[in-house]
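> Everything below, folded, please.
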Amino acid sequence: MYFILKKNIYFLMLMVTISCYSHSEDNSAKKRIASDSVKIKTGADNYIKYLPLLQNKKVGIVTNQTGILTNKIHLVDFLLEKKIAIKTIFAPEHGFRGTADAGEHVVDGKDAKTGLSIISLYGDNKKPKAAQLVGIDIMLFDLQDVGARFYTYISSLHYVMEACAENGIPLVILDRPNPNGSIIDGPLLEKEFTSFVGMHPIPLLHGMTIGEYAQMINGEKWLKNAAQCKLTVIPCLDYNRTMEYSLPLKPSPNLPNDQSINLYASLCLFEGTNVSVGRGTEKQFQIYGSPFLTISTFTFTPKPNFGAKDPLYNGKECFGEDLAAYPKLTRLELKWLIKAYQNTSDKTKFFNPFFTKLAGTKKLQQQIESGISENKIRKSWKNGLTAFKKMRMKYVIY
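You can find the predicted model right below:
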């Protein structure tokens, strides 16, 4: 009896020690991220470099709610304070204030605060029209990217660069850190599957800042007719890609925190299946599940909320997995996708045509359906990733 009691006390003390150590490690990581984020100055904060370029010019600006300086002032308000003549705001997916659902048509309008005209690049046109650029001397671009090929801000970047090249307008990019900047992984997009959620032959996680990526678009002549955009990248200060970076604002309605941003690329592939990624909950891109997966202890029921007016499986119980506390990923993770496919009640209804657009290839679906292991799938990416990494080195800034 004494031995059992002593053993139980020892086990309890061990668990408490592990718990405290884990909590300490977690707090240390959070402090490190916070410390790095305070040190880093974004391109928008590096205004000594770009304000002279805007003086006495009529400016067009591509931005949204993420376009803020360290002191929390929005770039548009900052420029107006500096007497910079902003002619037009161009807004990407989710709109200028970042409130529209994913895929929701965004209309043109006026900004209630400043009265400036807003032209949507996720409405009637994804590329600025020549008529919309009349009178603009220089274009400014400031959006927070998350490093995934199908995050549409880099697609908007492509079209803005193309429009600027065609209309002789110089483009200035205010660079921002990529929160997944150390990860290069996934299948390369094949040309026949080009779409607005994948425009270039790059891997799913490209490991570049938006300024570096713009240099690649120009350098590889990916614009229509191999056009060249007159490009200036205003770099971040005190930043290198090994540093942790916590975004001060969510970049889109359904990426609410660092965990969702880290899991985004891996879980977004579920958007091409009949599995929910938690839209309509408070854990978007931190959970997954559906009514058709094996009954489990973790469930959630999507309901309309900010960023998901009509979520998948609205009001229906979904069985799945909670990844909100999962350790930080350092690669594209396929195990949840493979597990869900294996456990779904009807495999013929698991994938939909959007999956191929997201993956950028038909091979990934075929590999999963054929039961090929994750390790073998990863090996099939090796040559493409090696070639991309070599090309990428020509354009890195940090």
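> show me where the stretch 1-150 of the chain has strands.
Assigned by DSSP state E, counting those that start in this stretch, the strands in the stretch 1-150 of the chain fall at 58-63, 85-91, 109-110, 117-120, 138-142.
> what would the ones you listed look like in JSON lines with distance to P170, mean neighbour count and mean pLDDT?
For glycine as for every other residue, the C-beta is placed from the backbone atoms N, C-alpha and C. Putting the strands of the stretch 1-150 of the chain into JSON lines (distance: least, Cβ to Cβ, whole Å; neighbours: other Cβ atoms under 10 Å; pLDDT from 0 to 100) gives the following:
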{"stretch": "strand 58-63", "distance to P170": "11", "mean neighbour count": "22", "mean pLDDT": "97"}
{"stretch": "strand 85-91", "distance to P170": "15", "mean neighbour count": "21", "mean pLDDT": "96"}
{"stretch": "strand 109-110", "distance to P170": "26", "mean neighbour count": "13", "mean pLDDT": "86"}
{"stretch": "strand 117-120", "distance to P170": "19", "mean neighbour count": "19", "mean pLDDT": "93"}
{"stretch": "strand 138-142", "distance to P170": "5", "mean neighbour count": "26", "mean pLDDT": "98"}
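> Same list (those strands) but as TSV, adding distance to C229.
Below are the strands of the stretch 1-150 of the chain laid out as TSV (distance: least, Cβ to Cβ, whole Å):
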stretch	distance to C229
strand 58-63	13
strand 85-91	15
strand 109-110	27
strand 117-120	19
strand 138-142	9
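> how about these, which one is nearest L174?
Minimum separation from L174 across the strands of the stretch 1-150 of the chain (Cβ to Cβ) falls at strand 138-142, 4.2 Å.
> now whatever helix or strand comes next after that closest one and strand 138-142, what's the angle there?
Downstream of strand 138-142, the next assigned helix or strand under DSSP states H and E is helix 153-167. Per axes from the mean of the first three to the mean of the last three Cα atoms, to 10 degrees, the angle that helix 153-167 makes with strand 138-142 is 170 degrees.
> So what touches the helix or strand just after helix 153-167?
Downstream of helix 153-167, the first helix or strand assigned by DSSP H and E is strand 171-174. When contacts are defined by Cβ atoms under 8 Å, 6 or more residues apart in numbering, strand 171-174 is touched by residues 42-44, 46, 50, 53-54, 67, 75, 138-142, 157, 160-161, 164, 210-211, 214, 229-234.
> need the contact list for L358.
If you count contacts by Cβ under 8 Å, 6+ apart, L358 has them with F150, V197, G198, C268, L269, E271, G272.
> hang on, isn't the third one packed against T356?
Looking back up the chat, that one is G198. No. At 9.8 Å, G198 does not count as touching T356 under the criterion of Cβ atoms under 8 Å.
> M243 and V38 touch, don't they?
No. Contact criterion Cβ under 8 Å: M243 and V38 do not qualify, at 11.0 Å.
> So for the two, which residue has more residues nearby?
M243 (19 against 11; other Cβ atoms under 10 Å).
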